[in-house]
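Visitor: Sharing a model prediction with you, sequence too.
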Amino acid sequence: MSDASSDCDPDSDSETSAPLDETAPFFRADSLTAGNQGSLFYQLAAEAARIGTWQRNLSDDTVTICPVMATMLQMEPAYHVFTRAEWQGFYRPEELDIVEKHLRQHAGSGEPFSYESRVILQGGKEVWLLVRGMMIRDDQGEPVHIAGVSIDITSRKIEAVAIEAEHERFRLLAELCPDAILVISEGRYVYANREAARLFGVAAPANLVGRLPEEFIDARSLREVNERLSRAHQEKRGNLPATWTVHRKDGTQVHVQAVSAKTRWADKPALEMVVRDVTADRLAAQNLHLMSERLKLAIEGTGEGIWDWDPSTGSHTLSGELKKILGYEEDEVMGAAFDWRAVTHPDDQERVAEAMQACLRGDAPVYQCEYRLRSRDGRWKWVLSRGVVVSRDEQLVPRLVTGMILDITAKKESDELIWRHANLDALTGLPNRRYFREQLDAEVRMAARHRRKIALLFLDLDGFKQVNDLHGHDAGDLLLVEAARRIKRCVRATDIVARLGGDEFTVLITALDTESHIEPVCRKILDSIGKPFTIGNDVSYVTGSIGIALSPMDASTPEDMLRMADKAMYAAKANGKNQFSYFTAEMDTRARERLRLCNDLRKALAEDQLFLCYQPVVALAEKRIVKAEALLRWRHPRLGVIDPGTFIPLAEESGLMGQIGNWVFQEVGACAKHWSERIGEPFQIGINKSPVQFMAPDPGAQWLEYLERLGLSGNNIIIEISESQLLQPASKVIDALETYHHAGMQVAIDDFGTGYSSMSVLQKFHVDYLKIDPSFVQDLATNHDNRTIAETIIVMAHKLGLKVIAEGVETQEQRDFLTEAGCDYAQGFYFSHPVQSHQLDALLTHQVLH
């Protein structure tokens, strides 16, 4: 290595000087002068403090180090000069990047800089240096060299690593510790391990840091803890055990015991605590204490709920708590005279005796039984009694039985309440669907095992919805409660009556000796249900439809029985209601056919099986066709033309009604436009809109968009809805009717007179037409009441500004009466049967009518 220049000599007053004698001493005492004493003082101080100096010459990029720094680098203690390549060889590439970065950042600023770096010595040894330096400039301000000092901090680094490793070791030990470890400083948790987080019920230790102890400790426990901690500080010692209750985040409590010691955390006074969950220990201690107390009380013959009994003499001893449970005085229950069997419930006596005898014989290690005892005030109390034989004679004959009695009346009542909620209908108190299903399953299996018959009656109330709609759900609930009472009064105590939900009831007739018993029961139920229901100030009427299924004749499983009784009930409804119907194989066939028809309907629209017919609507005064009603038909490939009354309910149930309704509207729109252009004036067509269609999202939007694309006025369309839809209309019905009204469409109430519409309802929904139901038109010639009803509807409608359309006109007499009564329009077979579109073309052209 080359000789060092005088740049490193603090006494040098020129940029260069003669080479130094590397063997010379660092200084000579006899060379001190007033001019160099200051520099020499700093040199001596640096050597004494083991501070190495260095200088980097910017002109040739050499580095000169002093003897002290040479010693740090395990070189001869002399001045050394290194070329760029030589001094860079002391650094790993990544360390060199850091050094160069610091030099670049501070080269131009003139400010001192400082960094730590690691150098590699010969043999691979590493030395850590703390480097400080600054840029030196000449008189013209140009950078000349960088000078600085280095301090060997290797031992400090090694110590820091060791401390960190020790900290990490203790941290791992703390995390692995089965006890909770906490540090409190300045009144808050500053450290917690994983067990502390689990113990306190938080997700992670970080959720405890910064929290106050009082957030988890109740006030009493906190006072005790603070007192102990304060005493520990005053006495300058730790290890004072404290016990308190921790309130976890989930609301549960755990009991803990802690020891603590004074420490420091972040250079601040702190308290380190080791906390252990002693909940189980405390509970075990409590149980042990309780068992000890009970044993003591049993031995002494006194105590809470404890009894002793000598089987040989019948004498017994009762504790004070047991007397309190039963309410008897001391002299009433002591000795052998008291008859325990007499105060035991008759239904429980045999069971209690069997359990006790099994214990006395040794067949059971413990006597245990739940039963009822009559207290002194006559009330029955449920008790749990347990006992063991604690003494036998030489022949193993029991001499002493000791035990306890626990009053479980409240628990039994609670269990009963839970059972009722799970198994009984909350409204009527009858078995609910789940419980009835269990009972039905048990009865079906028992009937099969004993070769007996059972009958299932499936009852649905006819007209119940109208009661709900007119009088409200509270009235409906009262009716259901009364209906349940009436049904139960019609059957035997062994039969099972249940409410499946809504207005559906079932009656299971068990142990059926003869099928002839079924019909009288059904008639009795129908007669009872058909009587008036007085609810408040109102009187309501409903009827019942009953379906009957027998096992094992009709079905052998509970599922099949319910399904077949349900089908029979619907058959009773279809036959006119207020009657009963037995299940037949034909019903099952019809149900299967219905399912098959529903599947066929899904293909009908795509395969062009649906078509429309139009029934002309005649203006009676003008005697010409001015409107038509669109009627949907289905030309089934196997069954021929199917009436809408058959397949529309299927479409509603299967979710196809919206798709079919949109197709009908498009067909009607096209025909309305065609016929309007043909006759030179708007031609209206009525479309029946199902209640299900109103439940679709935005039920009016698609139709209005289609009319706009078609360029057709809304005035060409009449929306026909049933009277019942206006009784308690859903918000979607109201919104849709408003939309139709604003678009110019008109609204007709179909089959008017069969429901309960009020005048205010007709005005509220902007109704334009009332269609008189065919049942009122049918007997106009002979039935005075029907004539009066028809006339009243016409007069009322005209006073409200509505037009009237009579449906089902089949005779000239009906037409003439309606014309004279002022009816505006009529439709029916008298004028024309429903026809297809090309046939209506001809009728509009020729207007050939009666």
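Guide: That came through fine.
Visitor: How many neighbouring residues does Gln702 have?
Guide: Residues lying near Gln702 (other C-beta atoms under 10 Å) number 16. In this view, the C-beta of every residue, glycine as well, is placed from N, C-alpha and C.
Visitor: That one contacts Gln659, correct?
Guide: No: contact criterion C-beta atoms under 8 Å: Gln702 and Gln659 do not qualify, at 10.7 Å.
Visitor: Which element, helix or strand, includes Phe741?
Guide: Let me fix one detail, which is that residue 741 is His and not Phe. Per DSSP states H and E, His741 falls inside helix 731-742.
Visitor: Tell me the buried residues in that helix?
Guide: Buried residues in helix 731-742, counted by 16 or more other C-beta atoms under 10 Å: Lys732, Val733, Ala736, Leu737, Thr739, Tyr740, His741.
Visitor: Next: stretch 376-392.
Guide: Buried residues in stretch 376-392, counting neighbours by 16+ other C-beta under 10 Å, are found at Lys381, Trp382, Val383, Leu384, Ser385, Gly387, Val389.
Visitor: among the residues you listed, which two are most distant?
Guide: Maximum pairwise distance in the buried residues of stretch 376-392, criterion C-beta to C-beta, is 25.6 Å, between Lys381 and Val389.
Visitor: which stretches of the stretch 701-850 of the chain aren't confidently modelled?
Guide: 724-732, 753-761, 763, 848-850 (pLDDT under 70).
Visitor: Name the residue closest to the centre of the chain, please.
Guide: Asp250 (18.9 Å; C-alpha atoms, centre = their mean).
Visitor: Need the three-state assignment for it.
Guide: coil (DSSP: H, G, I helix; E, B strand; the rest coil).
Visitor: Wait, it touches Ala203, no?
Guide: No: taking contacts as C-beta under 8 Å, Asp250 lies outside contact range of Ala203: 11.3 Å.
Visitor: about what we covered before: for the residue nearest to the residue nearest to the centre of the chain when sequence neighbours are not counted, list the residues it contacts.
Guide: Spatially, and ignoring its direct neighbours in sequence, Asp250 is nearest to Gly201 (5.2 Å; C-beta to C-beta, 6 or more residues apart in numbering). Residues in contact with Gly201, defined by C-beta atoms under 8 Å, 6 or more residues apart in numbering, are Arg248, Lys249, Asp250, Thr252.
Visitor: Could you dump those residues into JSON lines and include pLDDT and distance to Leu176?
Guide: Shown next, in JSON lines, are these (pLDDT from 0 to 100; distance: C-beta to C-beta, whole Å):
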{"residue": "Arg248", "pLDDT": "85", "distance to Leu176": "22"}
{"residue": "Lys249", "pLDDT": "81", "distance to Leu176": "24"}
{"residue": "Asp250", "pLDDT": "84", "distance to Leu176": "25"}
{"residue": "Thr252", "pLDDT": "88", "distance to Leu176": "25"}
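Visitor: And the furthest pair within the residues you listed?
Guide: So, these by C-beta to C-beta: farthest apart are Lys249 and Thr252, at 8.9 Å.
Visitor: and the closest residue in space to Ala364 that isn't next to it in sequence, what element?
Guide: Nearest non-adjacent residue to Ala364, counting by C-beta to C-beta, 6+ apart: Ala358, 4.2 Å away. Assigned by DSSP H and E, Ala358 belongs to helix 349-361.
Visitor: What mean pLDDT does that helix get?
Guide: The predicted model assigns helix 349-361 a mean pLDDT of 92.
Visitor: now what about the helix or strand in which Ile181 is found, what contacts it?
Guide: Using DSSP H and E, Ile181 falls within strand 180-185. By C-beta under 8 Å, 6+ apart, the surrounding residues in contact with strand 180-185 are 174, 189-193, 195-196, 198-200, 208, 213, 256, 263, 265-266, 268-277.
Visitor: Out of those residues, list just those in helices.
Guide: Counting by DSSP state H, the contacts of strand 180-185 place Ala174, Glu195, Ala196, Arg198, Leu199, Phe200 in helices.
Visitor: For Lys673, see how far away Phe473 is.
Guide: In this structure residue 473 is His, not Phe. Using C-beta to C-beta, to the nearest Å, His473 is found at 46 Å from Lys673.
Visitor: Of the two, which one has the most company?
Guide: Counted by other C-beta under 10 Å, His473 and Lys673 do not tie: Lys673 has more neighbours, with 18 against 10.
Visitor: how about the helix or strand containing that one: buried residues?
Guide: According to DSSP H and E, Lys673 maps onto helix 657-679. By neighbour count with 16+ other C-beta under 10 Å, helix 657-679 contains the buried residues 657-658, 660-662, 664-669, 671-673, 675-676.
Visitor: ditto for stretch 429-436
Guide: The neighbour-count check on stretch 429-436 (16+ other C-beta under 10 Å) flags Leu430, Pro431, Asn432, Tyr435, Phe436 as buried.
Visitor: Distance check, Arg248 against Leu208.
Guide: 12 Å.
Visitor: again with Leu480
Guide: The value you get for Leu480 to Leu208, if C-beta to C-beta is used, is 56 Å.
Visitor: what's the answer for Leu290, then?
Guide: The gap separating Leu290 from Leu208 is 34 Å, by C-beta to C-beta.
Visitor: Also Leu396?
Guide: Taking C-beta to C-beta, one finds Leu396 at 61 Å from Leu208.
Visitor: Tell me which of the two has more neighbours.
Guide: Leu208 (24 against 10).
Visitor: got the phi/psi numbers for that one?
Guide: Backbone torsions of Leu208, given as degrees, to the nearest 10, read phi -90, psi -30.
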